[in-house]
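Chemist: Sequence first, then the predicted structure:
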Amino acid sequence: MVKQTTKHSVEADVRIGVRTRSLSDDRLAFIRQLGATDIFVDHMDTEEEPDAFNDRDGTDTLAVGRDTIPTVDELTAARERIEDTGLTFTGIQSLPYSLYGDLMFDREDADDALTQITTLIRNLGEAEIPILGYQWNPRGVVPMRTDSVELRGGADGTGFDLDEIEEFNDTDRLAPGLERAYTETEFWENYEYFLNNVLPVAEEAGVRLALHPVDPPGIKSLGGIPRLFRSVENFERAMELVPSKNHGLKLCLGCFSQMGEDVSEVLRRFGERDQIVFIHFRDVVGTVPKFHETFVDEGNFDTVEAVQTLHDIEFDGVVIPDHVPEMVGDDDWRHRARSFTVGYLRGVVDSVTSE
């Protein structure tokens, strides 16, 4: 987080982390060899991937989903496994949609989902894992990306073109699985109910919640679903709705770049309020309604300037590569592209710090 102190009394501490689903010995050793320091665990959602959890031994993966909340012992075992390799288990990358979806739409099982979420938060606190990322965005209803784009050397980057999902711009057409369109007022009310119930628990547990933008941003509604966290102004509203020192942003630079925002200004805007929990460091070419993701050293914003801004605002936290391209020979985790990004960011951070 950004420490609110007198000018120059605290130096920035920008650390490079990695998100990973696997906690295998080889994966953790590889991450440590890259020089990363922090781990955000990509859970496997038990509702979306039920066959992946026949053997929940708390080692190679961490299961989080509806009716599958990891215990304090399981979380502690995962933390100790990570720490044994010299890394830090900093947080859960994101709350699964199977837990927050009913709350977002105010469905019959919303309160049961809320109970499970607060249980997860308490367990994270007891296991000394300080961060839980989350989104307020339906999964598998509106496409996040459309066609891929060829990048330098034939690498593959994901792209988005609103014209390719033109059917969702028809106000009478609902996304699959919806019985009616929802209003923005309804979604804000449901979101406030969520915050009112989870933030006191987070404060007691010592866990910070980190909100991610809707992706793609900038679009008010698709298929009858409001997309609340599409703008800087809506993020400010989210932070003011139920003020808490345990609530902030999983600040995805790529999403704000997709909005056409000045990324450095966004960092200053939320950094001075101590509302940046951790950062997804990626970029795109273009803005909504048409853009594509690219390598971290090319895109809409200047990587060095962004890191310099983090230093200027005395950011004390983690940046992690996100949505890296697929390079030749990559595995499903895109280890080669992720390695390039970690190395590049480490170099930029070291250069800025040395200056």
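Modeler: Cool, got the structure.
Chemist: what about T71, distance to L120?
Modeler: T71 is 10 Å from L120, where distance means CB to CB, to the nearest Å. Bear in mind the C-beta positions are built from the backbone N, C-alpha and C, glycine included.
Chemist: Between those two, tell me which one has more neighbours.
Modeler: Neighbours were counted for T71 and for L120 using other CB atoms under 10 Å; L120 has more, 24 against 13.
Chemist: What are the buried residues along the helix or strand that contains that one?
Modeler: Using DSSP states H and E, the element containing L120 is helix 110-126. For helix 110-126, a neighbour-count test (16 or more other CB atoms under 10 Å) marks 110, 113-114, 116-118, 120-126 as buried.
Chemist: which other helices and strands contact that helix?
Modeler: helix 72-83, helix 97-104, strand 131-134, helix 184-205 (3 or more CB pairs under 8 Å, 6 or more residues apart in numbering; DSSP states H and E).
Chemist: closest one to T61 among these?
Modeler: Among the helices and strands packed on helix 110-126, helix 72-83 comes nearest to T61, with 9.2 Å by CB to CB.
Chemist: Any buried residues in the closest one, and which?
Modeler: E74, L75, T76, A77, A78, R79, R81, I82.
Chemist: Skipping its backbone neighbours, what lies nearest the second one in space?
Modeler: The shortest distance from L75 to any non-neighbouring residue, by CB to CB, 6 or more residues apart in numbering, is to A127 (3.6 Å).
Chemist: cool, the fifth one as well?
Modeler: When the adjacent residues along the chain are set aside, A78 lies closest to L62, with 5.5 Å between them (CB to CB, 6+ apart).
Chemist: That neighbour: neighbouring residues, count only.
Modeler: Neighbour number of L62 under other CB under 10 Å is 21.
Chemist: mind checking how far it is from G177?
Modeler: Taken as CB to CB, the span from L62 to G177 is 27 Å.
Chemist: likewise V288?
Modeler: V288 sits 24 Å away from G177, going by CB to CB.
Chemist: Helix or strand with the lowest mean pLDDT in the chain?
Modeler: None of the helices or strands of the chain scores lower by mean pLDDT, DSSP states H and E than strand 44-45, at a mean of 66.
Chemist: and the helix or strand just after that one, what other elements does it pack with?
Modeler: On the C-terminal side of strand 44-45, the closest following helix or strand by DSSP H and E is strand 63-64. If you count contacts as 3+ CB pairs under 8 Å, 6+ apart, strand 63-64 packs onto strand 44-45.
Chemist: Quick one: work out the angle between the helix holding L120 and helix 184-205.
Modeler: When axes from the mean of the first three to the mean of the last three CA atoms, to 10 degrees is applied, the directions of helix 110-126 and helix 184-205 differ by 30 degrees.
Chemist: for helix 110-126, the distance to its chain's centre please.
Modeler: Offset of helix 110-126 from its chain centre (CA atoms, centre = their mean, to the nearest Å): 19 Å.
Chemist: got the angle for it vs helix 72-83?
Modeler: Going by the same axes, to 10 degrees, helix 110-126 makes 50 degrees with helix 72-83.
Chemist: How about residues contacting helix 110-126?
Modeler: For helix 110-126, contacts defined as CB atoms under 8 Å, 6 or more residues apart in numbering pick out 64, 66-67, 69-72, 75, 92, 95, 99-103, 130, 132, 190, 194, 197-198, 201-202, 204-207, 209.
Chemist: before we move on, back to that, next up, the contacts around the residue nearest to L75.
Modeler: With contact taken as CB under 8 Å, 6+ apart, A127 is in contact with V72, L75, T76, R79.
Chemist: Can you add distance to T20 and pLDDT and give these back as a markdown table?
Modeler: Supplementary listing: the contacts of A127 in a markdown table, determined by distance: CB to CB, whole Å; pLDDT from 0 to 100:
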| residue | distance to T20 | pLDDT |
| --- | --- | --- |
| V72 | 21 | 97 |
| L75 | 16 | 96 |
| T76 | 18 | 96 |
| R79 | 14 | 96 |
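Chemist: pLDDT averaged over stretch 273-286, what's the number?
Modeler: Stretch 273-286 shows a mean pLDDT of 97.
Chemist: quick one: terminal-to-terminal distance for that stretch?
Modeler: Here the two ends of stretch 273-286 are set 29 Å apart, with distance taken as CA to CA, to the nearest Å.
Chemist: sorry, back to before: the helices and strands packed on helix 110-126 into a markdown table, with extra columns for distance to T37?
Modeler: Shown next, in a markdown table, are the helices and strands packed on helix 110-126 (distance: least, CB to CB, whole Å):
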| stretch | distance to T37 |
| --- | --- |
| helix 72-83 | 11 |
| helix 97-104 | 28 |
| strand 131-134 | 14 |
| helix 184-205 | 24 |
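Chemist: Which one, of those, ends up nearest to N300?
Modeler: Once those are compared by CB to CB, strand 131-134 is nearest, at 23.2 Å.
Chemist: Please name every helix or strand in contact with the closest one.
Modeler: Strand 131-134 packs on strand 88-92, helix 110-126, strand 208-211, strand 276-281, going by 3+ CB pairs under 8 Å, 6+ apart.
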